[in-house]
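J.: below: sequence and its predicted model.
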Amino acid sequence: MQIERYETGKRMSQAVTYGGFVFLAGQVAIDAPGASVREQTTNILARITRLLESVGSNPTRILSATIWLADMSEFEEMNIVWDAWVPSGHAPARATVEARLAGPQFSVEIGIIAATGK
């Protein structure tokens, strides 16, 4: 089995595949910094969908998700977007925690582990 890295920079790769799994780096709302939690979550989930599709996967194949919120009081706002995005019958194992994120412009970060289609 070969390790494949995608969108690799000096510090990290946005996706890594190995043994039928894809590991995504924690995704933040690069295209919506400072926006509402709802807008940031929408932006992040679009990024996740794009990354999964680029390696032959999709949201129905997500096994595990970790969500970091800068403020847990925004849990329900994030969940409105998450619940609409997760395909019916394909909810992954998930953890949500409150944490200080990489910068004050980010309110949400999401990390994903999924199965590939390979």
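T.: Noted; the coordinates are in hand.
J.: pLDDT (mean, whole number) over the longest helix belonging to the chain?
T.: Longest among the helix segments of the chain by residue count, using DSSP state H, is helix 37-54. The average pLDDT for helix 37-54 rounds to 98.
J.: contact partners of that helix?
T.: The contact list for helix 37-54, computed with CB atoms under 8 Å, 6 or more residues apart in numbering, reads 6-7, 14-15, 22, 24, 27-33, 35, 58-59, 61-62, 69, 74, 77-78, 80-82, 85, 106-110, 112, 114. (Glycine included, C-beta is placed from N, CA and C.)
J.: which among the residues you listed count as buried?
T.: Among the contacts of helix 37-54, those scoring as buried are 14-15, 22, 24, 27-29, 32, 35, 58-59, 61-62, 69, 74, 77-78, 81-82, 106-110, 112, 114 (criterion: 16 or more other CB atoms under 10 Å).
J.: quick check: closest non-adjacent residue to the residue lying farthest from the centre of the chain.
T.: Within the chain, the residue lying farthest from the chain centre (CA atoms, centre = their mean) is Met1, at 24.6 Å. Computed as CB to CB, 6 or more residues apart in numbering, the closest residue to Met1 that is not its neighbour in sequence is Gly19, at 5.0 Å.
J.: for that neighbour, grab phi and psi.
T.: The phi and psi values for Gly19, taken as degrees, to the nearest 10, are phi 60, psi 40.
J.: just the ones of the contacts of helix 37-54 in strands?
T.: 6-7, 14-15, 22, 24, 62, 69, 108-110, 112, 114 (DSSP state E).
J.: is it possible to get a markdown table of these that adds pLDDT?
T.: As requested, the ones in strands among the contacts of helix 37-54 are exported to a markdown table (pLDDT from 0 to 100):
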| residue | pLDDT |
| --- | --- |
| Tyr6 | 97 |
| Glu7 | 96 |
| Gln14 | 98 |
| Ala15 | 97 |
| Val22 | 98 |
| Leu24 | 98 |
| Ile62 | 98 |
| Leu69 | 98 |
| Val108 | 98 |
| Glu109 | 98 |
| Ile110 | 98 |
| Ile112 | 98 |
| Ala114 | 98 |
